[in-house]
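**Student:** Any chance you can model this:
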Amino acid sequence: MTVLTSRFADGLAVGDVGSDLVATAESAVGQALAGLSGSPDLVCFFICGDDPDDVTRAGLRAMEMARRAGPGTRVIGCSSTGVIGDGRGIEVTPSVSAWAATLDEARITTFSLETLRAEDRFVVVGLPEREADDRAAILLADPYSFPTDAFVERSSQVLGDLPLIGGLANGLQGRGSVRLFADGEVHTEGAIGVLLGGPINVDTVVSQGCRPIGQTMVVTAAEDNLLLELAGQPALARLEELVSALDEEDRDLVASGLQIGIAMDEYAERHERGDFLIRGVLGIDPEREAVAIGDIVEIGRTVRFQVRDAATADEDLYELLDEYVEQGGRVDGALLFSCNGRGSTMFGTADHDPVAIRETLGPIGVAGFFAAGEIGPVAGHNHVHGFTASMLIFRG
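**Tutor:** The predicted structure follows:
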C-alpha cells in the first residue's frame, strides 16, 4: 500500500527471516514511484537487513529502479535498524521504506563527505558550494567513521544559517555494517546527503520531547562538561534540592534519565518547553559537587533540568505539529528521522511518530528511519540530538 499524492509518495515492504531483501526493496521503491503523477526528481530509501551484503544488493537495486524512473533523478539512502513508511514504523525486521518526490524546478545536488587528516586536525571534504537560494540539506552519516557532532555543530561556519536535517545511519551488525547510498555509489563510511535549493518550500520541525522541572538557573562555574555551580551554589546541591521538591512520579523520571536544557535565547523573559537545547545528564562528581552533562556550557548561560517520558514526548510532538498546521499552507510530504530510542521502547508501538504526522498533517507521503542520532536545527542552529523526532516538511 502507498500514499497517493500528485508530488510525493511513500512505500513500505516488510520481509521475514530468509526473505529476499532485494525483492523487498523492489516492492517499496515500486510503491513510491507508482504514487507519483510525474517522474521523480528525488528518491530516498532506507533499508533494515541482517546481512550487510544483502543490504548492499538491495540498495543497488533501489538506486537502479529510481534512476531509471526519470531523467536526472537524484537518489540517496542508508541502512538502519528500523524504517518508517506507509504510516508505520518497523523495527529490527528486514524491511525497506522508500519516498519519492516531484520537486518541479528545485535544484537538487547530491554529495558525499569524507574526513581527511591535515597536519594536526581533520578536514571534511566534499560539501558542494552554497548558493544564495539554498533551502536545506539532508545529511545521512555513519556514526562510526564520520565526526557528525563536530561537523554539525560547526556547520554554520561553512553553511551559514542553512538548516541540516537527517540522522545517523546504522546496521543490525553495528560497526562495519553501515551502508550509505548516493546516485549509484555505495559508501561504507563518511556521510552522504542532498542539498535542496531554488523554488522549493521546506520547513524543519524538531521535537525533543522534554518537560522542564524546577527553575531556570545561571551557570556560575563550569569546567569542560562539568557544571560546578548553578546560581552561585554547588551544582549537585542545586540538583538535590530540586529532586527533593518533586512528586514521586517525577522523581521516578529523574531516576530513569535526567536531562538538562540549555536556553537558546538568553534574552527571553521566560524559558519554557521548546526554548532549550536538550542534553543528557551523564552523572555526578560527589567530591567536586558537580554534575556532568553531554555538552560544554559556558559560564553565564541559562539552564533548566528536564525529564522525558512517553506522555511528554507525545504531547510535545503533537503540539509542535499543531502549531505548524496553524501557520497555514498546504503540506505535501515529509521525511522523518526518529530516534531508535523512541518507537516501541518509549511509546509501546513503533508507529507513534508516523501516525502523529498523518493525524496532524494529513495523508501525505512520509518516510524515514529510526536513527542512532538525529540532526536538526533548534532556534536556528544545527545540532545532533537523541530521543528526538526531526522532520523535513515540504509544503505547497
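**Student:** mind listing the strands for the stretch 51-200 of the chain?
**Tutor:** Secondary structure of the stretch 51-200 of the chain (DSSP state E, counting those that start in this stretch): strands at 74-79, 82-85, 88-91, 95-101, 107-118, 121-125, 134-141, 164-168, 180-182, 185-187, 191-197.
**Student:** Let me have those strands in CSV, extended by mean neighbour count.
**Tutor:** C-betas here are computed from N, CA, C, even on glycine. Shown next, in CSV, are the strands of the stretch 51-200 of the chain (neighbours: other C-beta atoms under 10 Å):
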stretch, mean neighbour count
strand 74-79, 27
strand 82-85, 29
strand 88-91, 22
strand 95-101, 32
strand 107-118, 15
strand 121-125, 12
strand 134-141, 25
strand 164-168, 28
strand 180-182, 25
strand 185-187, 17
strand 191-197, 24
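**Student:** Wait, a helix at Glu266?
**Tutor:** No: counting by DSSP: H, G, I helix; E, B strand; the rest coil, Glu266 is located in no helix; its state is coil.
**Student:** Check the burial of it by counting its neighbours.
**Tutor:** Glu266 has 10 neighbouring residues, counting by other C-beta atoms under 10 Å.
**Student:** same question, Gly160
**Tutor:** Using other C-beta under 10 Å, Gly160 is surrounded by 9 other residues.
**Student:** what's the distance between it and His381?
**Tutor:** 11 Å (C-beta to C-beta, to the nearest Å).
**Student:** Ser145 too?
**Tutor:** 25 Å.
**Student:** And Leu236, by the same measure?
**Tutor:** For Leu236 relative to His381 (C-beta to C-beta), the value is 29 Å.
**Student:** How many residues are close by Ala231?
**Tutor:** So Ala231, with other C-beta under 10 Å, has 14 neighbours.
**Student:** Do I have it right that it meets Gly214?
**Tutor:** No: using C-beta atoms under 8 Å, Ala231 is not in contact with Gly214, being 10.9 Å away.
**Student:** which of Leu236 and His381 has more neighbours?
**Tutor:** Leu236 (20 against 14).
**Student:** Next up, the contacts around the residue nearest to that one when sequence neighbours are not counted.
**Tutor:** Spatial nearest neighbour of Leu236, excluding adjacent residues (C-beta to C-beta, 6 or more residues apart in numbering): Glu289 at 4.2 Å. Contact analysis of Glu289 by C-beta atoms under 8 Å, 6 or more residues apart in numbering lists Leu228, Pro234, Ala235, Leu236, Ala237.
**Student:** How much space separates the last one from Ser338?
**Tutor:** What it means is Ala237. Taken as C-beta to C-beta, the span from Ala237 to Ser338 is 37 Å.
**Student:** the more surrounded of the two?
**Tutor:** The neighbour comparison of Ala237 against Ser338 (other C-beta under 10 Å) goes to Ser338, with 29 against 12.
**Student:** Name the helix or strand for that one, please.
**Tutor:** strand 331-339 (DSSP states H and E).
**Student:** For that strand, C-alpha coordinates in PDB please.
**Tutor:** The C-alpha coordinates for strand 331-339 follow below in PDB (Å, rounded to 0.1, in the frame of the first residue of the first chain):
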ATOM      1  CA  VAL A 331       1.700  20.300   3.300                       C
ATOM      2  CA  ASP A 332       2.600  17.700   0.600                       C
ATOM      3  CA  GLY A 333       5.200  15.400   2.000                       C
ATOM      4  CA  ALA A 334       7.800  14.900   4.800                       C
ATOM      5  CA  LEU A 335      10.900  13.000   5.700                       C
ATOM      6  CA  LEU A 336      11.100  11.700   9.300                       C
ATOM      7  CA  PHE A 337      14.200  10.800  11.300                       C
ATOM      8  CA  SER A 338      13.100   9.300  14.600                       C
ATOM      9  CA  CYS A 339      15.400   8.200  17.400                       C
END
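**Student:** List the buried residues for that strand?
**Tutor:** Val331, Asp332, Gly333, Ala334, Leu335, Leu336, Phe337, Ser338, Cys339 (16 or more other C-beta atoms under 10 Å).
**Student:** Next: stretch 153-161.
**Tutor:** Residues of stretch 153-161 classed as buried: Ser155, Leu159 (neighbour count, 16+ other C-beta under 10 Å).
**Student:** which residues are contacting that stretch?
**Tutor:** Here stretch 153-161 has contacts from Leu127, Arg130, Ala137, Leu162, Leu164, Gly380, His381, Asn382, His383, Val384, using C-beta under 8 Å, 6+ apart.
**Student:** tell me which of those residues is nearest to Glu298?
**Tutor:** For those, the closest approach to Glu298 (C-beta to C-beta) belongs to His381, at 14.4 Å.
**Student:** If that closest one is in a bridge, with which residues?
**Tutor:** Taking DSSP bridges as the rule, His381 bridges to Val378.
**Student:** Start at 2, not 1
**Tutor:** New numbering, starting at 2: the last item is His382.
**Student:** Against Val44, how distant is it?
**Tutor:** Counting by C-beta to C-beta, the separation of His382 from Val44 is 30 Å.
**Student:** Same question for Gly381.
**Tutor:** 29 Å.
**Student:** which one of those two has more residues nearby?
**Tutor:** A count of neighbours by other C-beta under 10 Å puts Val44 above the other of Gly381 and Val44, at 25 against 10.
**Student:** what's the spacing between the closest residue to Ile279 other than its chain neighbours and Leu169?
**Tutor:** Leaving aside its chain neighbours, Ile279 sits nearest to Gln209 (4.5 Å; criterion: C-beta to C-beta, 6+ apart). Look at Gln209 and Leu169: by C-beta to C-beta, they are 16 Å apart.
**Student:** same deal with Ile261?
**Tutor:** 22 Å.
**Student:** Dihedrals phi and psi, Gly71?
**Tutor:** phi -170, psi 150 (degrees, to the nearest 10).
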